[in-house]
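Peer 1: Structure for this input, please:
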Amino acid sequence: MKKSILFLVGLVGSMMISINAFAHFQMVYTPEAALEKGGEIELKLVFTHPFEAGHTMDMGAPEQFFVIHKEKKNDLLKTLKPIIWKSLTNTGNAYETSYKLRGMGDWIFALTPAPYYEGSEDAYIQQITKMIVNVAGAPTDWDAEIGLPAEIVPLDKPYALWTGNVFRGVVKGDGKPVPFAEIEVEYLNHEPVMGKNKFAKKAKVKAPQDAFVTLAIKADANGVFSFGIPKAGWWGFAALGAGPSTEFKGKELSQDAVIWVKAVDMK
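Peer 2: Okay, here's the model as predicted:
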């Protein structure tokens, strides 16, 4: 009997480790998404667990990083500088850059990171990530599909959301909707301290139970999902395995589509 109980405890523990291992989120972070005027913004590229400011994974050299503004694409890969990012539990290799926003409209920042090897799963993860900044409220590109192999196309402006609004998006893989896509959702619960390349220790909220750390939702048959935003701040959406690539270096690859949106309180 004791051996059986120990086996079950070990099994549950290994399952929890497996679940937590998949709650990774690639961040492309800047403090504000809706700006009154242009100018230079700072960007941090970090692969981490945003709700808990937990284990930060080492990023390899990204495959591509670019910005699109009024349908024009600007390659930013060579502007990236390596940094060390500090979570509440460890440090990890990350990247930073700055970019000058010239003119009004939307700026879509898109990152294709190097696949990350997750040892606990003996598999790779590649989270292709979008983050959109707007200047002066003029809409230009926010709902554009930009040709990423795994992509979430927003149906609501990701930078113009009041707390309590619903955010909707379409999960696409290789340009086609992904029916019933599995989507993880996390809140950026610890404020990034830009000048020190770390997360603030103080959390904004406390999860009552582990299921509230990484929320799980599903898209419908057309790849469309919706999510009611309960609190102001940045929210990340990761559609798991949305991309067409399923193997890297002879091992399983989860090619995920990630988008970040920001909600603000009405005052």
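
Peer 1: residue ranges with poor pLDDT in this protein?
Peer 2: Counting by pLDDT under 70, the chain contains low-confidence residues at 1-22.

Peer 1: what do you get if the cut-off is 80, keeping everything else the same?
Peer 2: Per-residue confidence for the chain (pLDDT under 80) gives these ranges: 1-23.

Peer 1: how about stretch 82-89: buried residues?
Peer 2: Of the residues in stretch 82-89, Ile83, Trp85, Lys86, Ser87, Leu88 count as buried by neighbour count, 16 or more other C-beta atoms under 10 Å. The way it works is simple: take the backbone N, C-alpha and C, and place the C-beta from them, glycine included.

Peer 1: Surely Glu191 and Lys201 touch.
Peer 2: No - no contact is recorded between Glu191 and Lys201 when judged using C-beta atoms under 8 Å, the distance being 9.7 Å.

Peer 1: circling back: make CSV from the buried residues of stretch 82-89 and add distance to Lys172 to it.
Peer 2: Shown next, in CSV, are those (distance: C-beta to C-beta, whole Å):
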residue, distance to Lys172
Ile83, 31
Trp85, 29
Lys86, 34
Ser87, 31
Leu88, 34
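
Peer 1: will you turn those residues into TSV that also has distance to Thr30 and secondary structure?
Peer 2: Rendered in TSV, the data for the buried residues of stretch 82-89 read as follows (distance: C-beta to C-beta, whole Å; DSSP: H, G, I helix; E, B strand; the rest coil):
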residue	distance to Thr30	secondary structure
Ile83	15	strand
Trp85	15	strand
Lys86	18	strand
Ser87	19	coil
Leu88	21	coil
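
Peer 1: which of those lies closest to Asp122?
Peer 2: Ser87 (23.5 Å; C-beta to C-beta).

Peer 1: mind listing what the closest one touches?
Peer 2: When contacts are counted by C-beta atoms under 8 Å, 6 or more residues apart in numbering, Ser87 touches Thr48, His49, Ala53, Gly54, His55, Thr56, Lys198, Phe199.
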